[in-house]
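*Asks:* Take a look and give me a structure for this.
(one chain, ligands or ions: 2)
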Amino acid sequence: MPTAPSPDPRPLPAPDPEVRAAARTRLDALAKPLGALGRVEELAAWWSACAGRCPADPPAAVRAVILAGDHGVSADGVSAYPREVTAAMVRAFVAGVAGASVLARQHDVALRVLDLAVDADLDDLPGVAEHKVRRSSGAVDREDALTAAQTWAALDAGALVAAEEVAAGADLLVLGDMGIGNTTPAAALVAASLGAPAEQVVGRGTGVDDARLAHKTAVVTRALARAGDRVGDPVERLTALGSADLAAGVGFLVAAARARVPVLLDGVVPLAELLVAEDLQPGVVAWCAAGHRSTEPAQRLALEKLGLEPVLDLGLRLGEGTGALTALPVLRSAALLLRDMALLADLAP
Ligand SMILES: Cc1cc2ncn([C@H]3O[C@H](COP(=O)(O)O)[C@@H](O)[C@H]3O)c2cc1C
Ligand SMILES: O=C(O)c1cccnc1
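*Replies:* Ligands and ions are numbered 1, 2, ... in the order given. Predicted coordinates for the structure are as follows:
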């Protein structure tokens, strides 16, 4: 039997605490009442600490990655849309016409979509399938999502993609998702990570009706019962309940943190990935900011557990990184305010 590679044993670096303290001191000294920029001040201090400079320039080389995959459960009525939409949306990202494409263009963000486990042949799209692990992932209520080897392959693929984006010059990363049915394994991973019952985590995803919501909850309940104690280990949790695209997201987040490149997070899928990543390698969350609060209960629970306060709360429930991309101008404003505002003490009396 092949032995599993072990995670990198070195602790993760943390964003610079002295720079964060310097940023807080400068924020207090700016030409405004103390604390008047509210949570924008926290965001500015976080960005500065991640950049290792006070003040730091705002994010300029932002790169977004959408990890796409299908899910065995999508054959079974957990989504309001059919599985075929996943491949169609991958083509829409490549054509530059998806929601995330519009926002990425607006905010000058490089957008890349990768097929980790789409249940279609996308080889005609240059580079899109270069990290493909398999077609679809297992139906988690009946079988493991992945083999152990596939989980490690997906973790490695995500880490490699993050490294490629860092090498391309990213000063900020955005992580997005695309995959019909993916809010089901995401909810299962959050439930398993928090020890919460299915009823607390399952949401309506693309907009399922009450009957499908009850069915989706039963699917997650069965998945959690089937996986049992194995979920105590984060890699086993991904093997049993995740998918290739979700496991790649975990690898991506750990690698971004190790490279000291911060990540602006999106909805329920990236938050589920972060919960697992934090278990795998404590300290990842310090490099992450939450772009928005999604309508999915699992995302809210994950934010709470991780101590993240989202920038926006607009009722978004699209995924693709759209919540993060919508929040990006606020982060840019935060960095500019910290860098360019006068100090109160320097104003003429
Ligand atoms: C046209 C379309 C575009 C999307 N873009 C993101 N999602 C989002 O919805 C899906 C998850 O919800 P559920 O678990 O209910 O299927 C994922 O594909 C997610 O990325 C979309 C969904 C659709 C239909
Ligand atoms: O929280 C999200 O990102 C989300 C919600 C519903 C469907 N797709 C994604």
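
*Asks:* which ones are touching whichever residue of the chain sits closest to ligand 1?
*Replies:* Closest to ligand 1 within the chain is residue 205: 2.4 Å, counting by CB to the nearest ligand atom. Placement of C-beta: from N, CA and C, glycine included. Residue 205 sits next to 78, 79, 80, 183, 184, 216, 296, 317 when contact means CB atoms under 8 Å, 6 or more residues apart in numbering.

*Asks:* With residue 318 instead?
*Replies:* 99, 267.

*Asks:* Wait, a helix at it?
*Replies:* No: in this structure, residue 318 is coil, not part of a helix, as judged by DSSP: H, G, I helix; E, B strand; the rest coil.

*Asks:* can you list the residues of the stretch 51-200 of the chain near ligand 2?
*Replies:* residue 183 (CB under 6 Å from any ligand atom).

*Asks:* now the strands for the stretch 51-200 of the chain?
*Replies:* Ranges of strands in the stretch 51-200 of the chain, per DSSP state E, counting those that start in this stretch, are 62-69, 110-117, 172-178.

*Asks:* re the thing from before, could you list which of the contacts of residue 205 also contact ligand 1?
*Replies:* 79, 80, 183, 184.

*Asks:* helices or strands up against the helix or strand that residue 298 is a member of?
*Replies:* Residue 298 is part of helix 297-306, with elements assigned from DSSP states H and E. Contact here means 3 or more CB pairs under 8 Å, 6 or more residues apart in numbering; DSSP states H and E; on that basis helix 297-306 packs against helix 183-194, helix 198-201, helix 268-280.

*Asks:* Could you export the strands of the stretch 51-200 of the chain as CSV, including mean neighbour count?
*Replies:* Output for the strands of the stretch 51-200 of the chain, formatted as CSV (neighbours: other CB atoms under 10 Å):
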stretch, mean neighbour count
strand 62-69, 28
strand 110-117, 24
strand 172-178, 29
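
*Asks:* Going by neighbour count, which residues of the helix or strand encompassing residue 44 are buried?
*Replies:* Following DSSP H and E, one finds residue 44 within helix 39-51. For helix 39-51, the buried set under the neighbour-count rule, 16 or more other CB atoms under 10 Å, comprises 40, 41, 42, 43, 44, 45, 46, 47, 48, 49, 50, 51.

*Asks:* Surely the first one is in contact with residue 337?
*Replies:* Yes: using CB atoms under 8 Å, residue 40 and residue 337 qualify as a contacting pair, with a distance of 6.8 Å.

*Asks:* pLDDT at the residue nearest to residue 56 when sequence neighbours are not counted, what is it?
*Replies:* The shortest distance from residue 56 to any non-neighbouring residue, by CB to CB, 6 or more residues apart in numbering, is to residue 48 (4.9 Å). Per-residue confidence (pLDDT) for residue 48: 98.

*Asks:* List the contacts of residue 48.
*Replies:* Listed by CB under 8 Å, 6+ apart, the contact partners of residue 48 are 19, 20, 22, 23, 54, 55, 56, 335, 338.

*Asks:* which of those residues lies closest to ligand 2?
*Replies:* For ligand 2, the nearest member of the contacts of residue 48 is residue 335. The distance, counting by CB to the nearest ligand atom, is 24.9 Å.

*Asks:* how about the residues of the stretch 201-349 of the chain near ligand 1?
*Replies:* Counting by CB under 6 Å from any ligand atom, the stretch 201-349 of the chain sits next to ligand 1 at 205, 206, 318, 319, 320.

*Asks:* among those, which are in reach of ligand 2?
*Replies:* 205, 206, 318, 319.

*Asks:* From ligand 2, how far out is the residue nearest to residue 56?
*Replies:* Here residue 48 is placed at a distance of 28 Å from ligand 2 (CB to the nearest ligand atom, to the nearest Å).

*Asks:* and if you look at residue 296?
*Replies:* Distance, residue 296 to ligand 2, using CB to the nearest ligand atom: 4 Å.

*Asks:* remind me which residues of this structure are low pLDDT?
*Replies:* Across the chain, residues meeting the criterion (pLDDT under 70) sit at 1-7.

*Asks:* Setting aside sequence neighbours, what's the nearest residue to the residue positioned nearest the centre of it?
*Replies:* By CA atoms, centre = their mean, the chain has its centre lying nearest to residue 270, at 2.4 Å. Sequence neighbours aside, residue 175 is the residue nearest to residue 270 in space, at 4.7 Å (criterion: CB to CB, 6+ apart).
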